[in-house]
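Chemist: Got a predicted model here, sequence first, then my questions.
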Amino acid sequence: MKWGMYRISIIAIVVQVAVALYIGAALPDDARIPAHWNIFGEIDRYAGKSEGVYLFLGLNIFLLLMFAFLPAQLAKKNRKYREALHIMPLMANILIPFFACFHLFTLMLAIHPGFGYIPLVMGILVGALFIAIGRILPTMPFVTTIPIDPRRYDRWKDYWERVSRFMGWCYTGGGVLFIVSGTLQQFIDPRIGFMNVVIVFVLAMPILYSLFLFIAKRYN
């Protein structure tokens with residue numbers, strides 16, 4: 001395992017630790033830190049200081065260790081997983097900086113609860129996450145532990161490549177729509193739920209496409 005491949009994640013966590021501890025020291029013991037948003041973008045759960053500062057910080061560190069060590073251990077037991085190892089640093093370098101930014105944003109809201117640009121910031125953060133994931137989805141290799149007839153292996157590989165490319169475009173387009181919807185919700189009632197429509201688009205379209213492709217191309 002090469003730590004250099006995770007340098008973006010490591011830098012993100014170092015910054016997260018430094019800023020979180022600095023802000024945490026300034027927060028009162030009864031601080032209320034946003035921990036969850038409902039489907040309309042409204043905060044519906046708050047965390048205490050210990051959970052909001054230290055638990056969320058520990059979860060991101062645990063996520064880095066899981067990305068760094070678990071895939072390599074699985075690859076030792078099954079050589080098929082080795083083909084997907086290069087995806088792990090890419091995913092870590094996307095998810096960990098996202099969670100670090102999200103965590104620091106919640107701490108900022110604890111200090112400035114009247115901050116008026118929550119939908120915009122949330123739209124940019126989630127949109128950037130979806131765009132990044134959308135760009136690496138087409139590069140994910142076809143890996144399965146399910147026994148497949150060697151005569152049909154190429155057909156299933158082609159099926160996966162088509163679906164992953166389509167998913168990539170859906171996630172990229174959904175990310176752009178997230179940013180747009182976050183901007184729009186600064187000026188209109190957020191309960192209209194533009195972001196909910198985007199989520200349905202991102203999740204439903206790849207499923208419908210994969211079913212259509214499966215039936216039309218007779219991959220079964």
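Modeler: Okay, I see it. Numbering: from 1, shown residues only.
Chemist: would P34 count as being in a helix?
Modeler: No. The assignment for P34 (DSSP: H, G, I helix; E, B strand; the rest coil) gives strand, which keeps it out of a helix.
Chemist: need the contact list for it.
Modeler: I43, R45, Y46, A47, T106, L109, A110 (Cβ atoms under 8 Å, 6 or more residues apart in numbering). C-betas here are computed from N, CA, C, even on glycine.
Chemist: repeat that for 6 Å
Modeler: Under the criterion of Cβ atoms under 6 Å, 6 or more residues apart in numbering, the contact list for P34 reads I43, T106, L109.
Chemist: got any ranges where this structure has weak pLDDT?
Modeler: Across the chain, the ranges flagged by pLDDT under 70 are 1, 39-41, 71-84, 142-153, 186-196, 217-220.
Chemist: What are the boundaries of the helices in it?
Modeler: Ranges of helices in the chain, per DSSP state H, are 7-26, 49, 56-77, 87-111, 118-136, 153-184, 194-216.
Chemist: JSON lines please, covering those helices and showing mean neighbour count.
Modeler: Converted to JSON lines, those look like this (neighbours: other Cβ atoms under 10 Å):
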{"stretch": "helix 7-26", "mean neighbour count": "16"}
{"stretch": "helix 49", "mean neighbour count": "17"}
{"stretch": "helix 56-77", "mean neighbour count": "15"}
{"stretch": "helix 87-111", "mean neighbour count": "19"}
{"stretch": "helix 118-136", "mean neighbour count": "20"}
{"stretch": "helix 153-184", "mean neighbour count": "18"}
{"stretch": "helix 194-216", "mean neighbour count": "15"}
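Chemist: Which among those helices is found nearest to A35?
Modeler: helix 87-111 (7.1 Å; Cβ to Cβ).
Chemist: follow-up on the earlier one: make a markdown table from the contacts of P34 and add distance to Y117 to it.
Modeler: Formatted as a markdown table, the entries for the contacts of P34 read as follows, by distance: Cβ to Cβ, whole Å:
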| residue | distance to Y117 |
| --- | --- |
| I43 | 14 |
| T106 | 14 |
| L109 | 11 |
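Chemist: just curious, which of these is nearest to G52?
Modeler: Sorting the contacts of P34 by how near they are to G52, with Cβ to Cβ, puts T106 at the top with 6.6 Å.
Chemist: pretty sure that closest one is touching I33, no?
Modeler: Yes. Assessed by Cβ atoms under 6 Å, T106 is found in contact with I33 at 5.4 Å.
Chemist: From H112, how far out is the residue nearest to V121 when sequence neighbours are not counted?
Modeler: Beyond its immediate neighbours in the sequence, the residue positioned closest to V121 (Cβ to Cβ, 6 or more residues apart in numbering) is F105, lying 6.1 Å away. Shown here: F105 relative to H112, a distance of 11 Å by Cβ to Cβ, to the nearest Å.
Chemist: What of F56?
Modeler: Going from F56 to H112 by Cβ to Cβ gives 18 Å.
Chemist: what bridges to the closest residue to A110 other than its chain neighbours?
Modeler: Nearest-residue entry for A110: I33, 4.4 Å, with adjacent residues in sequence omitted and distances by Cβ to Cβ, 6+ apart. For I33, the beta-bridge assignment (DSSP bridges) gives partners A47.
Chemist: Thought E51 was touching I33, still the case?
Modeler: No. Using Cβ under 6 Å as the test, I33 is too far from E51 to be in contact (7.5 Å).
Chemist: Brilliant, that's me finished.
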